[in-house]
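**Student:** Prediction below, plus the sequence it came from.
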Amino acid sequence: MIWIVMIALFILQLFGFYILALLYMKVSKFDDLERKQRKLMEEMDDSIVAYLSEMKDENERLVELLSKRGELAAAVERVEREPESPPVVKEAEAARPIPVTPPKMPINLAIKSYSQTTGKPKSEEPEVPRTGSEQPDLRNRIFQLHDAGLSEEEIAKKLGKGRTEIELILKFR
C-alpha cells in the first residue's frame, strides 16, 4: 500500500513540475512580447521626434522667409516714397546676387499653420481653400514613386515634402 502511495506522489510531483515548466514558458513568452512592444514604441517615439524636429526647422525657415519678405516690402515702400534720392549700395552688396527660392508649399497655408501653433486669433489668419482629396492623392503618389524604386529623399525632393514625413507615410503603409 505504501508503494502505491509513493508511486502516486511521484506521479503527482512529475505532473507539478510539468505544470511549472508550462507556466514558466508562458511567462517568458509574455516577457519577449513586452520587450518587442517596448522596442516598437521607442522606434515610433524616435520617428515622431524626428518628424516634429523637421517641422520645427521648416517653421523657422518660414518665419525667416516671411521676415525677409517684410523687410523687402518695407524697403520697396521707402523707395516708392523717396524716388529722388538714389539708393546708396556698397560694391560688395551690389556684386552679390540675392538667392530667392520659391516656397515649396503655398505661403497662405504655411502662415495659417504657423499662426494656429502660435495662438494668434482667427481674424488675422488668411483664408485658404482646402481640398479633401489632397491627402489620399499624396499618399498614392508616394507609394507609386516608392514602388518605382525612388529613395525616400528623392520622393521628398520631388514632392516638396519633408523626408521624415515620407518615411512615416511609407512606414505606416
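**Tutor:** Sure, I can see it.
**Student:** backbone phi and psi for Lys161, please?
**Tutor:** Lys161 adopts backbone torsions of phi -120, psi 170, taken as degrees, to the nearest 10.
**Student:** Would you mind measuring from it to Met55?
**Tutor:** 11 Å (Cβ to Cβ, to the nearest Å). Every C-beta, even on glycine, is put in place using the N, C-alpha and C of the backbone.
**Student:** Next: Phe15.
**Tutor:** Applying Cβ to Cβ to Phe15 and Met55 gives a distance of 60 Å.
**Student:** More neighbours: these two, which one.
**Tutor:** Met55 (15 against 10; other Cβ atoms under 10 Å).
**Student:** Go ahead and confirm that one touches Gly162.
**Tutor:** Yes: counting by Cβ atoms under 8 Å, Met55 does reach Gly162; the two are 7.1 Å apart.
**Student:** Helices along the chain, start to end?
**Tutor:** 2-81, 91-95, 107-118, 134-147, 152-159, 163-171 (DSSP state H).
**Student:** Mean pLDDT lowest where, among these?
**Tutor:** Note on these: helix 91-95 shows the lowest mean pLDDT, a mean of 56.
**Student:** tell me, what residue is most central in this structure?
**Tutor:** Geometric centre of the chain, nearest residue: Tyr51, 2.5 Å, by Cα atoms, centre = their mean.
**Student:** For that residue, which non-adjacent residue is spatially closest?
**Tutor:** Leaving aside its sequence neighbours, Tyr51 sits nearest to Thr164 (Cβ to Cβ, 6 or more residues apart in numbering; 4.4 Å).
**Student:** Show the contacting residues for that neighbour.
**Tutor:** Neighbour list for Thr164: Ser47, Ala50, Tyr51, Ser53, Glu54 [criterion: Cβ atoms under 8 Å, 6 or more residues apart in numbering].
**Student:** swap in Glu54?
**Tutor:** Gly162, Arg163, Thr164, Glu165.
**Student:** I'd like the distance from stretch 156-169 to the chain centre, please.
**Tutor:** Stretch 156-169 sits 9 Å away from the centroid of its parent chain (Cα atoms, centre = their mean, to the nearest Å).
**Student:** To clarify, my last question referred to stretch 66-77.
**Tutor:** Centre to centre, stretch against its chain (Cα atoms, centre = their mean), the figure for stretch 66-77 is 31 Å.
**Student:** again with stretch 52-70
**Tutor:** Stretch 52-70 has its C-alpha centroid displaced from the chain centroid by 16 Å (Cα atoms, centre = their mean).
**Student:** Stretch 39-59 too?
**Tutor:** 6 Å.
**Student:** Which positions in that stretch come out as buried?
**Tutor:** Buried residues in stretch 39-59, defined by neighbour count with 16 or more other Cβ atoms under 10 Å: Tyr51, Glu54, Glu58.
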